[in-house]
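# Fold the stuff below for me.
(2 chains)
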Amino acid sequence: MEIKSREEGNVVVFALSGRLDLASGATLKENLKKYFEKNATSIHLNLTEVEFINSSGLGALVSIMKEIRLRKGRLTLSNLASYVQEIFEITQLSHIFEIYVTEEEALGSFQTVAAK
Amino acid sequence: MTTYHFTYRSVPESPDLMLDDLITVLREHEVQEALFNRICVAVSEAFTNAMVHGNRRDSGKIINVELEVNKSSVVADITDEGTGGIERIKTRRPANTMSEGGRGIDLIQHYASKVSFDNTNSGGLKVSISFDRNRENIVCNS
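Residues are numbered from 1 along each chain as shown, chains lettered A, B, ... in the order given. Predicted coordinates for the structure are as follows:
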């Protein structure tokens, strides 16, 4: 899996590509840990280029979300391929993750929350 | 019917290698896109369970994957060399929404037309997953 990151204001945006499974899920968690240590709590994951995900990859995302919630932060996801969206729905994770159609919408939601 | 037999060690690189092999076979048989991803997810789940829970990541233990493909179905048999076999399935705890694990079997059962779990003679687990290429009825036998 390839992980690219950039900062958009207070939000750290990760663009993921490739397979999100047991091994790459652990890599992703390690990668985000560096940002948690810098007190980053607004995280967005763009999944456009994720070509495969299984329950191990989902488990990594749940772990990341729990870590962010502990830090009173927010995690958003966007650009899920239809079959990735289907897996989120089957596992009912679509109810606990903040999922946006586009990255722009997700980043806009951070601004809206900050403005309140 | 065409049968393929693959053997993998229980090492971190194997899930990727298995997925590469599976994709090659599915493409060779022009499996339709809607079913393609479902097969990949279900077989991947069984493979990860075999490596992590069956063989307990023991690199000396192997995982066998047998694929049978014809015009009407795809059948994948995933066999580990662990212990406990079917007891592991019967005693598994269902995942709650915030669990980090425990969703694999549910995904297999959701995507497959038929699933069966059997003990091997050596105490390991054989998971047999069938996919109907013509219809998407889901029946689970465990």
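
# which one's the longest helix in chain B?
helix B:33-49 (DSSP state H).

# Grab the nearest non-local neighbour of B:Val74.
B:Phe131 (4.5 Å; C-beta to C-beta, 6 or more residues apart in numbering or on different chains). For glycine as for every other residue, the C-beta is placed from the backbone atoms N, C-alpha and C.

# Pop out the phi and psi values for the one you found.
When read as degrees, to the nearest 10, the backbone of B:Phe131 gives phi -130, psi 130.

# Quick check: it vs B:Val41, distance?
From B:Phe131 across to B:Val41, the span is 11 Å (C-beta to C-beta, to the nearest Å).

# Pretty sure A:Asn31 sits in a strand.
No - with DSSP: H, G, I helix; E, B strand; the rest coil as the criterion, A:Asn31 is helix rather than part of a strand.

# pLDDT score for the closest residue to it other than its chain neighbours?
Excluding its sequence neighbours, the residue lying closest to A:Asn31 (C-beta to C-beta, 6+ apart) is A:Ile3, at 5.4 Å. Model confidence at A:Ile3, expressed as pLDDT, equals 96.

# burial measure for A:Ile3, as a count.
A:Ile3: 16 surrounding residues under other C-beta atoms under 10 Å in any protein chain shown.

# what residues are up against B:Gly60?
Each residue near B:Gly60 by C-beta atoms under 8 Å, 6 or more residues apart in numbering or on different chains is listed here: B:Arg9, B:Ser10.

# just to revisit the earlier point, and the residue nearest to B:Val74, how many neighbours does it have?
Residues lying near B:Phe131 (other C-beta under 10 Å) number 22.

# before we move on, what about A:Val84?
23.

# Spell out which residues of chain B are next to chain A.
Within chain B, the positions adjacent to chain A are B:12-13, B:15-16, B:19, B:37-38, B:40-41, B:44-45, B:48, B:52, B:95, B:97-104, B:106-107, B:110 by C-beta under 8 Å from any C-beta of the partner chain.

# who's in contact with the residue in chain B sticking out farthest from the centre?
Among residues of chain B, the one most distant from the C-alpha centroid is B:Met98; the distance is 23.9 Å, by C-alpha atoms, centre = their mean. Listed by C-beta under 8 Å, 6+ apart, the contact set of B:Met98 reads A:Val62, A:Lys66, A:Ile96.

# So which helix or strand of chain A has the lowest pLDDT on average?
Least confident helix or strand, chain A: helix A:103-115 with a mean of 87, by mean pLDDT, DSSP states H and E.
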